[in-house]
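Undergrad: Dropping the sequence and predicted coords here.
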Amino acid sequence: MKITVLGAGNGGHAMAADLALGGHTVNLFDRYPEPIEAIRKAGGITLTGEAVYKEGFAKLNRATNNMKEVLEKDVEVVMITAPAFAHQYMIENSAPYMQNGQIVVFNTGYWGTLRFHNYLQRLGKTEVQLVETAILIYSCRINGPASVFIDGLKKEMAVAAFPAGRTGSALRVLNTLYPQFKAAKSIIQTNFNNLNPIFHPAIVLLNAGFSERTKGDYVFYKDGVTPSVGRVIERIDAERRDIAKVLGVDLLPSKEWLYNYYGAKGNNLYEAIQDTKPYQDPKERGPDNLQKTRFVIEDVPYGLVPIASLGDAVGKEAPTIKAIIGLFSVINQTDYWREGNTVEKLGLSGLDGEGIVRFVTEGR
């Protein structure tokens, strides 16, 4: 299969290398020259650790800063691995070259399918298949120029198309790449199953003094999650599940998510996190800057804000989530409500719960 990966960060390195080692023809794009130049100089990417296919040196078909070059007509699948705050750039710059019939996957979703749908509609490209995953399938990090280490793989991954009626046809193609992909009910399920916003902001907030004092010199999950931090995350998790239920989706508690994805054990969330192997990696450090960490600038406006905004739309309060959004708005002197993915920005304004479910299911 011919695949293009948009975004050469940690996830982009891992996905491009893994798929290339699986025998696929892979293009890699990034807007910044540094990672692309390193890959060109090395001739490809070296992958170590766990992989869907295998470890080794992966030669790519093309690594470039030119968007047009990687979106040729014969590209069947486009994997977007950029962070949520870069989704708009990817949407605006890739849309002119997208072809009807291509499958575009947001890894991780962050409601990217709705944002891209609204944009493509204006261009008259109605047959691009838009898909998103609940979270990135890899737990990974770049560990050198043109080199990536994968320290964990999800055993199964919820995937949905927008509208949901297209999920089955998309999965028939995507399962040839990732057998772990399983059909979700809709993008409501994939987005509410993204645990990055549920975990990351609370841990950063409750370790803010520690992070600023040590410049992030601690193991993020292992040291940052204590029993009391775990209880806060469990409350956020409960608010997430309450709102999702009104929207027709029953979600597992996050500790059970860790059981299923990573084989973790524990009587509560704190114990499950401490038993999750990738979370014990000593190189997974805390943030050294609260204004720049993706755990805030991605997960608060593009993760927590839409959950709370949807909660308001369906009459379900989320006081703990709103408190975290408010406190980070103060800490970083940024109005995350204004910046974030509210129902208005997602094209869901004025819809009640039933209307939102119908829209994500049928596209109308």
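TA: The structure has been received and is ready for your questions.

Undergrad: okay, now residue 247: neighbour count?
TA: Counted with other C-beta atoms under 10 Å, residues neighbouring residue 247 total 21. For every residue, glycine as well, the C-beta is placed using N, CA and C.

Undergrad: what's the nearest residue to it if we skip its chain neighbours?
TA: Excluding the flanking residues, the one nearest residue 247 by C-beta to C-beta, 6 or more residues apart in numbering is residue 188, at 5.0 Å.

Undergrad: cool, residue 174 as well?
TA: Spatial nearest neighbour of residue 174, excluding adjacent residues (C-beta to C-beta, 6+ apart): residue 181 at 5.2 Å.

Undergrad: how near is that neighbour to residue 168?
TA: Distance of residue 181 to residue 168, computed by C-beta to C-beta, to the nearest Å: 12 Å.

Undergrad: If you drop the residues flanking it in sequence, what lies closest to residue 20?
TA: Leaving aside its sequence neighbours, residue 20 sits nearest to residue 58 (C-beta to C-beta, 6+ apart; 3.9 Å).

Undergrad: who's in contact with the one you found?
TA: Residues counted as contacts of residue 58 (C-beta atoms under 8 Å, 6 or more residues apart in numbering) are 16, 17, 18, 20, 21, 26, 44, 45, 46, 47.

Undergrad: Going through those residues, which ones are buried?
TA: 16, 17, 18, 20, 21, 26, 44, 45, 46, 47 (16 or more other C-beta atoms under 10 Å).

Undergrad: Give me the helices and strands touching the helix or strand hosting the second one, please.
TA: Meaning residue 17. Assignment of secondary structure by DSSP states H and E places residue 17 within helix 10-21. For helix 10-21, the elements it packs on are strand 2-6, strand 25-29, strand 45-49, strand 56-58, strand 138-144, strand 147-153, judged by 3 or more C-beta pairs under 8 Å, 6 or more residues apart in numbering; DSSP states H and E.

Undergrad: Just the CA trace of it, in PDB.
TA: Output of helix 10-21 as PDB, limited to C-alpha atoms (Å, rounded to 0.1, in the frame of the first residue of the first chain):
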ATOM      1  CA  ASN A  10       7.600  11.000  17.800                       C
ATOM      2  CA  GLY A  11       4.500   9.400  16.400                       C
ATOM      3  CA  GLY A  12       5.300  10.200  12.800                       C
ATOM      4  CA  HIS A  13       8.800   8.700  13.100                       C
ATOM      5  CA  ALA A  14       7.400   5.500  14.600                       C
ATOM      6  CA  MET A  15       4.500   5.100  12.200                       C
ATOM      7  CA  ALA A  16       6.500   5.800   9.100                       C
ATOM      8  CA  ALA A  17       9.400   3.500  10.000                       C
ATOM      9  CA  ASP A  18       7.100   0.700  11.200                       C
ATOM     10  CA  LEU A  19       4.900   0.700   8.100                       C
ATOM     11  CA  ALA A  20       7.900   0.900   5.800                       C
ATOM     12  CA  LEU A  21       9.400  -2.100   7.600                       C
END
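
Undergrad: Could you pull up the residues touching the residue lying closest to residue 71 once chain neighbours are set aside?
TA: Using C-beta to C-beta, 6+ apart and skipping residues adjacent in sequence, the residue nearest residue 71 is residue 97, 3.9 Å away. Residues counted as contacts of residue 97 (C-beta under 8 Å, 6+ apart) are 67, 68, 71.

Undergrad: which one of these is nearest residue 279?
TA: Nearest to residue 279 among these: residue 67, at 34.9 Å, using C-beta to C-beta.

Undergrad: Not counting residues beside it along the chain, what's closest to that closest one?
TA: Computed as C-beta to C-beta, 6+ apart, the closest residue to residue 67 that is not its neighbour in sequence is residue 93, at 5.1 Å.

Undergrad: ok, back up a step: now tabulate the helices and strands packed on helix 10-21 in CSV and tack on mean pLDDT and distance to residue 119.
TA: Shown next, in CSV, are these (pLDDT from 0 to 100; distance: least, C-beta to C-beta, whole Å):
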stretch, mean pLDDT, distance to residue 119
strand 2-6, 98, 15
strand 25-29, 98, 18
strand 45-49, 97, 30
strand 56-58, 98, 31
strand 138-144, 94, 27
strand 147-153, 94, 30
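
Undergrad: Now render these as CSV, adding distance to residue 271.
TA: Formatted as CSV, the helices and strands packed on helix 10-21 follow (distance: least, C-beta to C-beta, whole Å):
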stretch, distance to residue 271
strand 2-6, 36
strand 25-29, 39
strand 45-49, 25
strand 56-58, 36
strand 138-144, 19
strand 147-153, 18
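
Undergrad: Nearest to residue 124, out of those strands?
TA: Evaluated with C-beta to C-beta, these place strand 2-6 nearest to residue 124, the distance being 21.6 Å.

Undergrad: Tell me which residues are up against the closest one.
TA: Strand 2-6 has contacts (C-beta under 8 Å, 6+ apart) with 12, 15-16, 19, 24-29, 61, 67, 70-72, 74-82, 90, 94, 177.

Undergrad: same deal with stretch 144-157?
TA: Contacts of stretch 144-157 (C-beta under 8 Å, 6+ apart): 10, 13-14, 17-18, 35, 38-39, 41-42, 44-52, 133-135, 137-143, 178, 180-182, 260-263, 277-278, 281.

Undergrad: One more pass at 7 Å, please.
TA: With contacts defined as C-beta atoms under 7 Å, 6 or more residues apart in numbering, stretch 144-157 is touched by 10, 13-14, 17, 38-39, 42, 44-52, 133-134, 137-143, 178, 180-182, 260-262, 277-278, 281.

Undergrad: Stretch 208-217 too?
TA: Stretch 208-217 is touched from outside by 204, 218, 285, 286, 287, 288, 290, 331, with contacts defined as C-beta under 7 Å, 6+ apart.

Undergrad: make it 6 Å
TA: 285, 286, 287, 288 (C-beta atoms under 6 Å, 6 or more residues apart in numbering).
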